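[1] Generate coordinates for the sequence data below:
(one chain, ligands or ions: 1)
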Amino acid sequence: MTAIDVIKGDISRIEVDAIVNAANEQLAGGGGVDGAIHRAGGPAIMEECRQIGGCPTGEAVMTTAGNLPAKKVIHTVGPIWRGGNQNEARLLASCYRQSMELAVKQNLYTIAFPNISTGVYGYPKEEAAGVAIKTVREFIKKKKGLEKVMFVCFDEENYRLYKKVIKEWKQTE
Ligand code: ADP
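    Numbers count the residues shown, from 1 in each chain. Below you'll find the model as predicted:
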């Protein structure tokens, strides 16, 4: 059984096998969670990002975690919200799925996700939480290997939404 946890906090401080970064296609760093991870992790992460060169939307790549307490960083690129008819939900689900697939493939057992695309990429938070939780549930039902999946919410609104969606799901199970 894979545990699902929701916490409020800064993902760069979480001690798990892999933390996920909401990166951009250039893997160039930026603001938000991306900035926080590179700031706390140091230059080794960016060096590897440069060698990898980039990552298409909906896919995921892995680097060292530098000075972070996590062992690895999985960089995934969420979709920019363009109204909802541009494959946003499919691409967002793909981010979560590919990140978990990469973790399992690399024998990483605990993974922490930020709320991908819900910052500057503008994805409506409630819809994004629904996609994230549904994708994780479906994945852990089918695939063994992960011990724990954490959703690390930075803002109060996301934290409340995740608590609500998880509670509803647990009541219907
Ligand atoms: P995106 O471009 O995918 O929207 P952002 O970094 O702008 O990425 O925002 C994604 C989410 O990450 C937002 O919900 C934001 O509140 C959250 N966030 C920002 N900083 C951190 C952090 N240090 N740890 C975890 N989540 C964070």
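
[2] what does the chain put close to the ligand?
    Residues of the chain lying close to the ligand (C-beta under 6 Å from any ligand atom) are 10-12, 22, 32-34, 36, 78, 114-121, 152, 154-155, 158. From N, CA and C alone the C-beta is placed, and that goes for glycine too.

[3] go with 5 Å
    Within the chain, the residues that sit near the ligand (C-beta under 5 Å from any ligand atom) are 10-11, 22, 32-33, 36, 78, 114-115, 117-121, 154-155.

[4] List the buried residues for stretch 128-147?
    Within stretch 128-147, the residues that count as buried by 16 or more other C-beta atoms under 10 Å are 128-133, 135-137, 139-140, 146.

[5] Quick one: distance of it to the chain centre.
    On the basis of C-alpha atoms, centre = their mean, to the nearest Å, stretch 128-147 sits 12 Å off its chain's mean C-alpha point.

[6] Kindly report the same for stretch 103-111.
    Centroid separation for stretch 103-111 versus its chain: 13 Å, with C-alpha atoms, centre = their mean.

[7] Quick check: the residue positioned nearest the centre of the chain vs residue 144, distance?
    Most central in the chain under C-alpha atoms, centre = their mean is residue 113, positioned 3.3 Å from the mean C-alpha point. Applying C-beta to C-beta, to the nearest Å, the value for residue 113 to residue 144 is 19 Å.

[8] Can you classify the closest residue to residue 40 other than its chain neighbours by secondary structure?
    Leaving aside its sequence neighbours, residue 40 sits nearest to residue 12 (C-beta to C-beta, 6 or more residues apart in numbering; 3.9 Å). Put simply, residue 12 is helix when judged by DSSP: H, G, I helix; E, B strand; the rest coil.

[9] No further queries at this time; thank you.
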